[in-house]
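> Let's see this in three dimensions:
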Amino acid sequence: MSRHAELDSASNYEKEVCLFSTKKMRKSFVYILSNQSRSVFYIGMTNNLNYRIEQHKQGVGSIFTKRYKGVDLLYFEEFLDISQAIGREKQLKNWRRDWKMDLIKDFNPELKDLYSSL
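Sure thing, here's the model as predicted:
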């Protein structure tokens, strides 16, 4: 193997590591939306919280939030590893309603829409 080939191989490895690190370190968010009466919860995940909540507020975020008018951001968590965010989203979706409400109230006792504070 020539010296040039070794350098190419090393630089390709560094590029792969860099790409992997970039993907792994990109922020992800798990969030909970609700309607005005707080009778419905929607749990989602995104890598751009501001943009995703804006989509929900415009009625293009999901059919569920459009139908039930679940556009108030009550809770969110930030993750550096997308696999952790995916796991947390799945976990919260399996929680009972009262557990979700306790989690939200610990984070946001007044149950106010947090979107404007992002």
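> Okay, the residue nearest the centre of the chain and residue 114: tell me how far apart.
The centre of the chain sits closest to residue 29, judged by Cα atoms, centre = their mean, with a distance of 2.4 Å. Between residue 29 and residue 114 the distance is 12 Å, computed by Cβ to Cβ, to the nearest Å. Quick note: C-beta positions are derived from backbone N, CA and C, even for glycine.
> any shared contact partners between these two?
residue 76 (Cβ atoms under 8 Å, 6 or more residues apart in numbering).
> What residues are bridge-paired with the residue nearest to the centre of the chain?
On the basis of DSSP bridges, residue 29 is bridged to residue 46, residue 78.
> Can you show me the helices along this protein?
Applying DSSP state H to the chain gives helices spanning 3-25, 49-57, 63-68, 82-93, 97-107.
> May I see the buried residues of stretch 89-96?
Neighbour counts using 16 or more other Cβ atoms under 10 Å place 89, 92 of stretch 89-96 among the buried residues.
> do stretch 58-78 as well
When burial is assessed from 16+ other Cβ under 10 Å, stretch 58-78 yields the following buried residues: 61-62, 65, 68, 70-77.
> gap between the two ends of it?
Across its full length, stretch 58-78 reaches 23 Å between end residues, using Cα to Cα, to the nearest Å.
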